[in-house]
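[1] give the three-dimensional model of this entry:
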Amino acid sequence: MIFTDSARKYILSGMVAFVVIGLIVANVLASKQDDEFLMTETLYNQAIQMQSSGDLEGSEAMIVEVLKKQPKSEIANYVAALTMAQNGDMKQAAIQMQKTLDLNPYKVEDPTFMIQLGEIFLGAERFEDAKTVLLHCQEAGWAPEDIPNYQEHVASLLAQIENLQLEEGTNND
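    Modelled structure (predicted):
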């Protein structure tokens, strides 16, 4: 098959037009994505600011909006869990902490995350889950500098779980 000069020009022009149109479409889509990311980041920053200023209900509302846009965001799920725990909604906080762990399984090596997870599971009355998490903390022997009495706190939480389970067993008899 032999192409004439005019056919070659049309083919080349078509390829150039295709590339130019592709670049324009990519630019428009990227611009929309940038706007969405900026809006999500703004909501997240407002949620953190509200949390630090003590407006926990406002913070929770903002972080829920972030989660609607970014449901697979590890940090948004984590902040949502901590905010919900501060608001007293321990069952929902436990769900958000579990999502955080599902998104990043390496969080099991983070001593701060793990003790928070244990505390939230305890607050949500998920005693066996809390016990498993806290035993992991104890076995790991963590002693982070920002939590000076880490192992003592873990031991007291485990004792609290034992007491609650004993009371629960007594009440059921």
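
[2] where are the low-confidence patches of this structure?
    Within the chain, the set of residues satisfying pLDDT under 70 comprises 1, 30-40, 170-173.

[3] same for the helix ranked longest in it, what does it pack against?
    The longest helix of the chain (DSSP state H) is helix 5-53. Applying 3 or more C-beta pairs under 8 Å, 6 or more residues apart in numbering; DSSP states H and E, one finds that helix 5-53 contacts helix 56-69, helix 74-86. C-beta coordinates here come from the backbone N, C-alpha and C atoms, glycine included.

[4] name the residues that touch the longest one?
    Residues outside helix 56-69 that contact it (C-beta atoms under 8 Å, 6 or more residues apart in numbering): 36, 39-40, 43-44, 46-48, 50-51, 73, 76-77, 79-80, 83-84, 86-87.

[5] do the last one as well
    With C-beta under 8 Å, 6+ apart as the contact definition, helix 74-86 has outside contacts at 44, 47-48, 51, 56, 59-60, 63-64, 66-67, 70, 90, 92-97, 99-100, 103-104, 113, 116, 119-120, 123.

[6] buried subset of those as a ChimeraX selection?
    Paste this into ChimeraX to select the buried members of the contacts of helix 74-86, with burial taken from 16 or more other C-beta atoms under 10 Å:
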select :44,47,48,51,56,59,60,63,66,67,70,90,92,93,94,95,96,97,99,100,103,113,116,119,120,123
